[in-house]
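S.K.: compute the structure for the input listed below.
(chains A, B, C and D)
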Number of protein chains: 2
Amino acid sequence: MPTPARTSVDAIVNAGRAILDADGLDAVSMQRVASAVGVRAPSLYKRVRDRDALVRLIAADVLAELGACVGAASTGEDPSTDLAAIADAFRAWALQHPGAFGLVFSRLPDAWQPAPDADPMTGTFGALFRAVAALSGPDDVLEASRLVVAWASGFVGMELAGAFRMGGDVDAAFAYGIDRLVGAIAR
Amino acid sequence: MPTPARTSVDAIVNAGRAILDADGLDAVSMQRVASAVGVRAPSLYKRVRDRDALVRLIAADVLAELGACVGAASTGEDPSTDLAAIADAFRAWALQHPGAFGLVFSRLPDAWQPAPDADPMTGTFGALFRAVAALSGPDDVLEASRLVVAWASGFVGMELAGAFRMGGDVDAAFAYGIDRLVGAIAR
DNA sequence: ACCTGAACACCGTTCAAGT
DNA sequence: ACCTGAACACCGTTCAAGT
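M.R.: Have a look, this model is predicted:
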């Protein structure tokens, strides 16, 4: 005898994302997600294969939000200003969403689905690739982008880990970084 | 009636470190560590306050090893070659010890004890600070070091997370990065 | 003094049973 | 078709009891 569904994949992913933002990845347990959507843990397995699959769905959600966030920071005019604005937006987003940042940048083992964007220039981080390309020229886009993204994610990761413990102005260090990087990747 | 100790903090930390290297941080459970040192889980609480304390001891061990590893890579001669050698040693170590790298660079919440080295120039990453200082001059050492370390840790973190999925030569991207950074921090 | 089994409150996951 | 309680094998941690 059929029964109306009492929840949905969307509701589950949203609940998981909310818990991630509030209390971190370890707090995203099947039981807590289930109770947030008004159901018991075993019922979740009707919608997601297992916890890993749920975490991957949440990661895709996070990546889309991050992409939109850095995309909005770009004006598409001067690439140097643009790149700095993108970096600042990235950092601000990460500091506001430490759990989500940690998930996407350092807790995704092995492969996770979000296939690499077919065309990087229009994909999730298109704004960043376009700004970098304008500075580095077409031959070095990939390597220059990797330099910038590695630095930005490493910087924020260390900041969130509390690894900057030798004093100094962290905001200034970030500004110094983007300034030097713009010079470094320019032709 | 006294009883001879059957294990020690050292044995416990070493066992934890071995499990970390073999199977990652999540596998470092009190039960597994206990069984590795030939004891039951509750006995571990005679030596370490709780699992977090054990993880912090392991992290300190990891940091010392990493410091020795990058220290050995430096010759103290030309700072550019030195910095590249240090970066290469860091990356090689991280790729060989992904669990240890992840623990130290992205899984340490809040504070963890290893107090900041009193004198950075002679501390854990002294070789790196000295090479950077020779290139950047004394005024920019801190910010320049943060640029280099953020980049290196972010790069390796992304590499381990499988985040370089757009093709290209990853080794070449790392070499490109250190080359551009040396230029970027030089006066 | 050190170690232990038993217990408690949690996990993720499966599955037969209910509607 | 969907949801559930009960069960299983795991966690971390505490504690009274053993030696």
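S.K.: count of neighbours near the closest residue to residue A:8 other than its chain neighbours?
M.R.: In this structure, residue A:8 finds its nearest non-sequential neighbour in residue A:47, 7.1 Å apart by C-beta to C-beta, 6 or more residues apart in numbering or on different chains. (Glycine included, C-beta is placed from N, CA and C.) The tally of other residues near residue A:47 (other C-beta atoms under 10 Å in any protein chain shown) stands at 19.
S.K.: what's the answer for the one 5 residues further on, then?
M.R.: Burial measure for residue A:52: 12 neighbouring residues, criterion other C-beta under 10 Å.
S.K.: just the pLDDT at residue A:124, thanks.
M.R.: You'll see residue A:124 listed with a pLDDT of 81.
S.K.: what's the separation between the nearest residue to it once chain neighbours are set aside and chain B?
M.R.: Once flanking residues are discounted, residue A:124 sits nearest to residue A:67: 3.6 Å by C-beta to C-beta, 6+ apart. According to C-beta to the nearest C-beta, to the nearest Å, residue A:67 stands 14 Å off from chain B.
S.K.: ok so, going back, I'd say the residue nearest to residue A:8 and residue A:11 touch.
M.R.: No - if you go by C-beta atoms under 8 Å, residue A:47 and residue A:11 don't touch, sitting 9.0 Å apart.
S.K.: re earlier: burial count for the residue nearest to residue A:124?
M.R.: Residue A:67, neighbours per other C-beta under 10 Å, totals 17.
S.K.: right, and it touches residue A:125 too?
M.R.: Yes - proximity of residue A:67 to residue A:125 meets the contact threshold set by C-beta under 8 Å, at 6.3 Å.
S.K.: tell me the contacts of residue A:19?
M.R.: Contacts for residue A:19 (C-beta atoms under 8 Å, 6 or more residues apart in numbering or on different chains) come out as A:27, A:28, A:32, A:33, A:36.
S.K.: swap in 6 Å and give it another go.
M.R.: A:27, A:28, A:32 (C-beta atoms under 6 Å, 6 or more residues apart in numbering or on different chains).
S.K.: skipping adjacent residues, who's closest to the last one in space?
M.R.: Meaning residue A:32. In space, residue A:32 is closest to residue A:19, 5.8 Å off (C-beta to C-beta, 6+ apart).
S.K.: buried set for the longest helix seen in chain A?
M.R.: For chain A, the helix with the greatest residue count under DSSP state H is helix A:51-73. Across helix A:51-73, burial judged by 16 or more other C-beta atoms under 10 Å in any protein chain shown covers A:54-59, A:61-63, A:66-67, A:69-70, A:73.
S.K.: give me the contact status of the helix or strand bottoming out on mean pLDDT in chain A with DNA strand C.
M.R.: Within chain A, no helix or strand scores below helix A:98-106, which has a mean of 91 by mean pLDDT, DSSP states H and E. No - counting by C-beta under 7 Å from any atom of the strand, DNA strand C is not contacted by helix A:98-106; separation bottoms out at 14.2 Å.
S.K.: now that helix against helix B:98-106, angle please.
M.R.: Orientation note: helix A:98-106 sits at an angle of 140 degrees relative to helix B:98-106 (axes from the mean of the first three to the mean of the last three C-alpha atoms, to 10 degrees).
S.K.: what comes into contact with helix A:98-106?
M.R.: Helix A:98-106 is contacted by residues A:20, A:21, A:24, A:25, A:59, A:62, A:63, A:94, A:153, A:160, B:106, B:157 when judged by C-beta under 6 Å, 6+ apart.
S.K.: tell me which of those residues has the lowest pLDDT.
M.R.: Among those, residue B:106 has the weakest pLDDT, 82.
S.K.: near DNA strand D, which residues of chain A are found?
M.R.: A:1, A:2, A:3, A:4, A:5, A:6, A:7, A:39, A:40, A:42, A:43, A:46.
S.K.: repeat that for 6 Å
M.R.: Chain A comes close to DNA strand D at residues A:1, A:2, A:3, A:5, A:6, A:7, A:39, A:40, A:42, A:43, A:46, as judged by C-beta under 6 Å from any atom of the strand.
S.K.: and the spatially closest residue to the fifth one that is not a sequence neighbour, how close does it get to chain B?
M.R.: In this case it means residue A:6. Using C-beta to C-beta, 6+ apart and skipping the chain neighbours, the partner closest in space to residue A:6 is residue A:39 (5.8 Å). Going from residue A:39 to chain B by C-beta to the nearest C-beta gives 26 Å.
S.K.: I figured residue A:39 hits residue A:5, correct?
M.R.: No - counting by C-beta atoms under 6 Å, residue A:39 stays clear of residue A:5, with 9.9 Å between them.
S.K.: between those two, which one's more packed in?
M.R.: residue A:39 (18 against 11).
S.K.: how much space between that one and residue B:98?
M.R.: Using C-beta to C-beta, to the nearest Å, we find residue A:39 at a distance of 36 Å from residue B:98.
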